[in-house]
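J.: Quick one, structure for this:
(chains A and B)
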Amino acid sequence: MTYTLNEARMYADISDGIAVIIDSETGIYFGMNGFGTHIYENIVDGVPVEEIAAAGAREGFPEEFSENLKQFVATLLEKEILIASSALPKEPHLDKALAEADAHVPELQEFSDAQELLLADPIHNVKEEEGWSPEKSSLNEDDEDVARREAKMGS
Amino acid sequence: MPEVSVIIPVFNAAGQLARCLNSVCGQTMADLEILCVDDGSTDDSPEILARYAGRDRRIRLLRTDKNRGAAAARNLGLDAAAGTWIGFVDSDDCIDAAFYEKLLGSAAETGAEVAKGSLRRFDPRSGRSWTEELVNQNEKIRRHKAHFYCYFTSALFQSDFLRKHDIRFPEELRYFEDPFFAVKAALHCGRIALVDDARYLYTLRPGSATRTAPNRAQLEAQIQGSHRILDLLDTERADDEHYRIVFGFLLDLLLRWCWRTDASDELTRGAAKGLDDLLSRCRDQKDCLEIYFLDKKVEHRRWIAAALREKIKKDETHPRLSDLRG
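T.: Model prediction:
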């Protein structure tokens, strides 16, 4: 099975060996450790997860690696970061040094402290009379609007 | 014939000149000719140049008849240069010790007519250098050579290549004279060798041309220079992608003028008029604007991701999902 980034919803950026993924629907963002980023890159390059597990076993990674990998991928799917892909499978490339630096554990962290910023959408918050970026009080949002917005942010 | 001619235009740079000359004279690649062009300095720059020329025979002193601007000073240097390769260093900047050695090595390896290092901001007080760009310019040039429209001082050019295509600086421009040179070089060169660890250290100081308060002369030069570049793209029949990339660069600079808060209303109106003129002569306005804004979106997303990444790095105590699962 191969996977790809859910581009309709997620924006991913990798720099300094660290992936940051932003969920444009919820404003939640994710960070990965170096090994997690490395595994993620393999996956979105089109390497089947079972091939990554097999390559880890061949490289002498600890037994728990397979389970850690499974959990890591399950979380990526649960968070809808990855979706199934029909791309042709590719060969894995595992960097032993990266794996050892993070004790062979790919990690994903979830953050919700920038939702207001990431979901800021001033264009939708315009009332004809007040123009762009009016005082919030002038928006006269009803309870339903507030509830909808809060549900989107998962609060 | 020296391997490299280094052209240094000098205008009232007494405070920074020694640092610049020390870095050029101290290059690990010693086969240099150092052409210092005094452009009518009224401070101690001529004395400093004479002192260095007395100590290092590789230094040749040239002088313009009056202050004519960096473009004319560099062109004078180009006319006098005897080197196989030509580089430029501004009198307030400096370069890493192996800068030219690395660039020459890469040019020889790749057969490129242009070899470019990286440009870093430099704080002379702390000696610290850093890059301010999120998207490294060399990364962009790797994608398409048309992105070589700025930072020409961080590059080395084959002198025969410059002469063959008459690549020189437009002397009628007092500012914004360098993009024309870089754009013309990019249009004609087959390959640009990129050497990220060859570092040109760009010093920002109050009063330097790029840091003065916005004024009409700067804006007019930028508009005039933009039109000269568009003329060049038309004359040289730049392909569509090359055109779009360079147009995006010119558009970006004029848009920044339009929303500069420190500009007078008159200047803002002038910038808006310049923008209107630029757009009206664009070869393919729809495509150029569409691609410009799509690229900007990617750039802004990368800025946000970079800011979040820095936040994550600082926040190492944040629980991981696996911890939460227990």
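J.: which parts of chain A sit against chain B?
T.: Taking Cβ under 8 Å from any Cβ of the partner chain as the measure of proximity, chain A contacts chain B at A:11, A:13, A:15-16, A:18, A:20, A:22, A:29, A:31, A:68, A:71, A:75, A:105, A:107-111, A:114, A:118. All C-beta atoms are positioned from the backbone trio N, CA, C, and that covers glycine.
J.: what do you get if the cut-off is 10 Å, keeping everything else the same?
T.: A:11-16, A:18-22, A:24, A:29-33, A:36, A:68, A:71-72, A:75, A:78-79, A:105-111, A:113-114, A:117-118 (Cβ under 10 Å from any Cβ of the partner chain).
J.: Show me just the buried residues among those.
T.: Buried members of these, counted by 16 or more other Cβ atoms under 10 Å in any protein chain shown: A:11-14, A:18-22, A:29-33, A:36, A:68, A:71-72, A:75, A:79, A:105-111, A:114, A:118.
J.: Inside helices: which ones of these?
T.: A:36, A:68, A:71, A:72, A:75, A:118 (DSSP state H).
J.: and the first one, what does it touch?
T.: By that I understand residue A:36. A:18-19, A:30, A:68, A:72, A:75-76, A:98, A:102, A:105-109, B:320 (Cβ atoms under 10 Å, 6 or more residues apart in numbering or on different chains).
J.: just the helices in the stretch 151-300 of chain B please.
T.: Taking DSSP state H, counting those that start in this stretch as the criterion, the stretch 151-300 of chain B contains helices spanning B:159-164, B:178-188, B:216-235, B:240-258, B:265-280, B:285-314.
J.: In JSON lines, list these along with mean pLDDT.
T.: JSON lines is the format used below for the helices of the stretch 151-300 of chain B (pLDDT from 0 to 100):
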{"stretch": "helix B:159-164", "mean pLDDT": "98"}
{"stretch": "helix B:178-188", "mean pLDDT": "97"}
{"stretch": "helix B:216-235", "mean pLDDT": "95"}
{"stretch": "helix B:240-258", "mean pLDDT": "94"}
{"stretch": "helix B:265-280", "mean pLDDT": "94"}
{"stretch": "helix B:285-314", "mean pLDDT": "88"}
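J.: Quick one: closest of these to residue B:118.
T.: For residue B:118, the closest of the helices of the stretch 151-300 of chain B is helix B:178-188, at 14.9 Å, according to Cβ to Cβ.
J.: what two of the ones in helices among the buried ones among the residues of chain A next to chain B are the furthest from one another?
T.: Going by Cβ to Cβ, the pair spanning these furthest: A:68 and A:118, at 28.7 Å.
J.: can you list the domains in chain A?
T.: Domain ranges of chain A: A:2-111, A:121-152, per automatic domain parsing.
J.: for these, which one ends up most surrounded?
T.: domain A:2-111 (a mean of 18; mean count of other Cβ atoms under 10 Å in any protein chain shown).
J.: Quick check: end-to-end length of that one?
T.: Using Cα to Cα, to the nearest Å, one end of domain A:2-111 lies 26 Å from the other.
J.: now stretch B:61-75
T.: Rule used - Cα to Cα; the end-to-end distance of stretch B:61-75 is 14 Å.
J.: do the same with stretch B:90-98
T.: Start-to-end, stretch B:90-98 (Cα to Cα) is 17 Å.
J.: Just the mean pLDDT for that stretch, thanks.
T.: Stretch B:90-98 comes out with an average pLDDT of 94.
J.: a helix runs through residue A:4, doesn't it?
T.: No. Using DSSP: H, G, I helix; E, B strand; the rest coil, the assignment for residue A:4 is strand, not a helix.
J.: so what's it up against?
T.: By Cβ under 10 Å, 6+ apart, the neighbours of residue A:4 are A:43, A:44, A:45, A:46, A:82, A:83, A:84, A:85, A:86, A:87.
J.: Over to residue B:221?
T.: B:69, B:170, B:172, B:173, B:174, B:175, B:176, B:177, B:209, B:215.
J.: Filter those down to just the buried residues.
T.: Buried, going by 16+ other Cβ under 10 Å: B:69, B:170, B:173, B:174, B:175, B:176, B:177, out of the contacts of residue B:221.
J.: out of the residues you listed, which touch chain A?
T.: With Cβ under 10 Å from any Cβ as the criterion, the buried ones among the contacts of residue B:221 include none near chain A.
J.: Once you drop chain neighbours, what's closest to the residue of chain B with the smallest separation from chain A?
T.: Closest residue of chain B to chain A, Cβ to the nearest Cβ: residue B:305 (3.5 Å). Nearest non-adjacent residue to residue B:305, counting by Cβ to Cβ, 6 or more residues apart in numbering or on different chains: residue A:13, 3.5 Å away.
J.: Pretty sure residue A:90 sits in a helix.
T.: No. According to three-state DSSP, residue A:90 belongs to no helix; its state is coil.
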